[in-house]
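> Next input, structure requested:
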Amino acid sequence: MLVCTSGLALARPLVTLHLPQNQRNTEEFGSFGAMVELYLRANLSQTEAVELTSFEQSRLSYPGRLPKIGGYRVEGVYQKVGRLIYLKLELFDPKNQGTALERTFGSAQTADTLAEMGSWLLGQLGTPAQWPKPAFFLELDFGEPLYRLRQRRYETNQLPSIEEVQGLLKELGGQPQAAVIAEINLEMLLAALGEMDRGASLLKRADRMLRKSLEDYPNNGELLALLAFNYQLTGSFPTFVEKAANEAYKKDPRSDLGLFLSAYATGLSTGAGRERLMKLAEQSPNLWEGRLKFMSGALEKELTESRQTLTQILNPDPMFLP
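Numbers count the residues shown, from 1 in each chain. Alright, predicted model coming up:
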């Protein structure tokens, strides 16, 4: 069992989930890794037994990109051969010692196999939590449009098109799961960002969807962060952005988006804004150095301003000291 004994005994282990990689290097079955990652992320979040780094930090710190984040990390590989799927998950502890679990299974056994592997992860992390029943599961065939965009967002900096998002809404817009709602709304916001003239209606629809979803999931930090992001994109009052972002950070302290928008909306010249910016730099050091841009290139202006402020805090210029 991989258990880190340093720090407080009651502290939840910090875990970074990387998308399992396709060993066959073909487009066929290419979004299965995104399905596995979202399955694990959604269900691990339900257990409240671990602290998960954000999807953005996962994509920025994937091996070969930027330095790894501390804590545990989960990596994996898979391939589809005929009617069978091979999946290997490997859990690395903070000292980079790993242990793995491998399974070969048919498509009909996917949900049960992933539940077994999720329970194995909890056990290796030394938590007493049980895997959720019922667990979140959106099968690959049905959720492929969503998984394809999530996989692409992990691997590249390409924004989704409005047409792709409209197709996503048509196929999955009625899904009630918070994980699916959050991914759909993020893709909507990113598509609108790429085509602001045509995207205004998407932003309005995302606002309605997020508000309605928060009635069902009022404690979901990811949905609150996306609402703050929507406010920022539409030029809403800074107080709207700040309130939603602060709530997102309270519900999910690892929310890069919520914490960043909270710092920015509060004001980078204020003590509170700078304190939050420093906390963000501590927990998510790759945001400003990412080879894959944070949020697929969103918030460029805000990130530039915050980096200038952070540089001044860490290396004060005597010419600008009070």
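> Who is Glu75 paired with across the strands?
With beta bridges defined as DSSP bridges, Glu75 has these partners: Glu90.
> got a list of what it touches?
Neighbour list for Glu75: His18, Pro20, Gln21, Pro63, Leu89, Glu90, Phe92 [criterion: Cβ atoms under 8 Å, 6 or more residues apart in numbering]. Heads up, the C-betas are built off the backbone N, CA and C, glycines and all.
> can you tell me which of the residues you listed lies nearest to Lys250?
Comparing the contacts of Glu75 against Lys250 with Cβ to Cβ places His18 closest, at 27.1 Å.
> And the closest one, its phi and psi?
Main-chain dihedrals, His18, degrees, to the nearest 10: phi -100, psi 150.
> cool, and Pro94?
Note on Pro94: its backbone torsions stand at phi -60, psi -20 [degrees, to the nearest 10].
> what's the pLDDT at it?
pLDDT, Pro94: 93.
> Do I have it right that it meets Tyr72?
Yes - contact criterion Cβ atoms under 8 Å: Pro94 and Tyr72 qualify, at 6.7 Å.
> Compare the two (neighbour count), which wins?
Using other Cβ atoms under 10 Å as the criterion, Pro94 and Tyr72 rank with Tyr72 on top: 24 against 16.
> Name the nearest residue to that one, sequence neighbours excluded.
Val15 (4.7 Å; Cβ to Cβ, 6 or more residues apart in numbering).
> So the one you found, which state does it fall into?
Taking DSSP: H, G, I helix; E, B strand; the rest coil as the rule, one finds Val15 in the strand state.
> What's the local residue count around it?
Other residues within reach of Val15, judged by other Cβ under 10 Å, total 22.
> who are the neighbours in contact with the residue nearest to the spatial centre of the chain?
The chain has Phe55 as the residue nearest its centroid, 2.5 Å off, counting by Cα atoms, centre = their mean. Phe55 makes contacts with Arg41, Tyr154, as judged by Cβ under 8 Å, 6+ apart.
> Same question for Pro13.
So Pro13 contacts Cys4, Val50, Glu51, Gly71, Tyr72, Leu125, Gly126, Thr127 (Cβ under 8 Å, 6+ apart).
> who wins for neighbours among those residues?
That'd be Tyr72 among the contacts of Pro13, by other Cβ under 10 Å, with 24 neighbours.
> Could you check the pLDDT of that one?
Tyr72 is assigned 97 on the pLDDT scale.
> give the contact list for it.
Per Cβ under 8 Å, 6+ apart, neighbours of Tyr72: Leu2, Cys4, Pro13, Leu14, Val15, Thr16, Leu91, Phe92, Asp93, Pro94, Leu125.
> can you pull the contacts of the fourth one?
If a contact means Cβ under 8 Å, 6+ apart, then Leu14 has Val50, Glu51, Leu52, Thr53, Ile69, Gly70, Gly71, Tyr72 as its contacts.
> What about Glu215, how many residues nearby?
Applying other Cβ under 10 Å, we find 7 residues neighbouring Glu215.
> er, Met278 actually
Counted by other Cβ under 10 Å, the residues lying close to Met278 total 15.
> For the helix or strand where it lies, buried residues please.
Assigned by DSSP states H and E, Met278 falls within helix 271-283. Buried residues in helix 271-283, counted by 16 or more other Cβ atoms under 10 Å: Gly273, Arg274, Arg276, Leu277, Leu280, Ala281, Gln283.
> can you list contacts of that helix?
Outside helix 271-283, the residues that touch it by Cβ under 8 Å, 6+ apart are 249, 254, 256, 259-260, 262-264, 266-268, 287-288, 306, 309-310, 313.
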